[in-house]
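Novice: All I have is the shape, not the residue letters:
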């Protein structure tokens with residue numbers, strides 16, 4: 001089924017790796033949200049959410065690799081791949097829209113803290129103890145999974 005490949009090229013290994021990284025990413029999304037300070041609070045603890053944020057990025061990339069390997073060895077006809085491409089592009093569009101709404105809601109909450117002009121966390125586009133959840137959340141992860149699905153589907157359609 002997988003051309004005699006073992007290891008990373010194996011469909012079974014890629015699927016197991018993807019599931020393990022999916023679970024890890026979900027855990028790190030939760031931990032990032034838990035350790036990110038809400039805009040209404042003041043904290044002098046630095047940025048405690050940066051560690052799960054970084055580990056979440058690493059596990060999301062691991063998920064993308066495992067999922068792409070698993071998806072690329074899955075037997076699919078051209079019609080199914082086209083439908084998968086269309087659905088994944090639509091899911092990507094919805095995820096981008098939801099991420100935009102999430103970020104704009106967070107920035108609206110920032111306006112209540114001394115106004116936007118005086119709020120350094122709003123004006124700078126760096127990681128801060130208040131904005132970790134903008135970079136790693138369910139919407140960005142869904143968009144990443146949809147992007148991987150669309151890319152693998154497009155490559156497989158072009159090869160057939």
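Specialist: Alright, I've got the coordinates. This is a predicted model, so every value here is computed, not measured. Residues are numbered from 1 along each chain as shown.
Novice: can you map out the helices along this protein?
Specialist: 11-35, 50-72, 78-111, 120-123, 132-135, 138-159 (DSSP state H).
Novice: can you redo those as JSON lines with mean neighbour count?
Specialist: Glycine gets a C-beta too; all of them are placed from N, C-alpha and C. Below are these laid out as JSON lines (neighbours: other C-beta atoms under 10 Å):
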{"stretch": "helix 11-35", "mean neighbour count": "17"}
{"stretch": "helix 50-72", "mean neighbour count": "19"}
{"stretch": "helix 78-111", "mean neighbour count": "15"}
{"stretch": "helix 120-123", "mean neighbour count": "14"}
{"stretch": "helix 132-135", "mean neighbour count": "20"}
{"stretch": "helix 138-159", "mean neighbour count": "18"}
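Novice: With mean pLDDT added, can I get these in TSV?
Specialist: Compiled in TSV, those are given as follows (pLDDT from 0 to 100):
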stretch	mean pLDDT
helix 11-35	86
helix 50-72	89
helix 78-111	88
helix 120-123	54
helix 132-135	82
helix 138-159	91
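Novice: quick one: contacts for residue 53?
Specialist: 28, 32, 127, 132, 135-136 (C-beta atoms under 8 Å, 6 or more residues apart in numbering).
Novice: how near is the residue most central in space within the chain to residue 159?
Specialist: Geometric centre of the chain, nearest residue: residue 141, 2.0 Å, by C-alpha atoms, centre = their mean. Distance, residue 141 to residue 159, using C-beta to C-beta, to the nearest Å: 27 Å.
Novice: Equivalent analysis for residue 134, please.
Specialist: According to C-beta to C-beta, residue 134 and residue 159 sit 36 Å apart.
Novice: I'm done for today, thanks for sticking with me.
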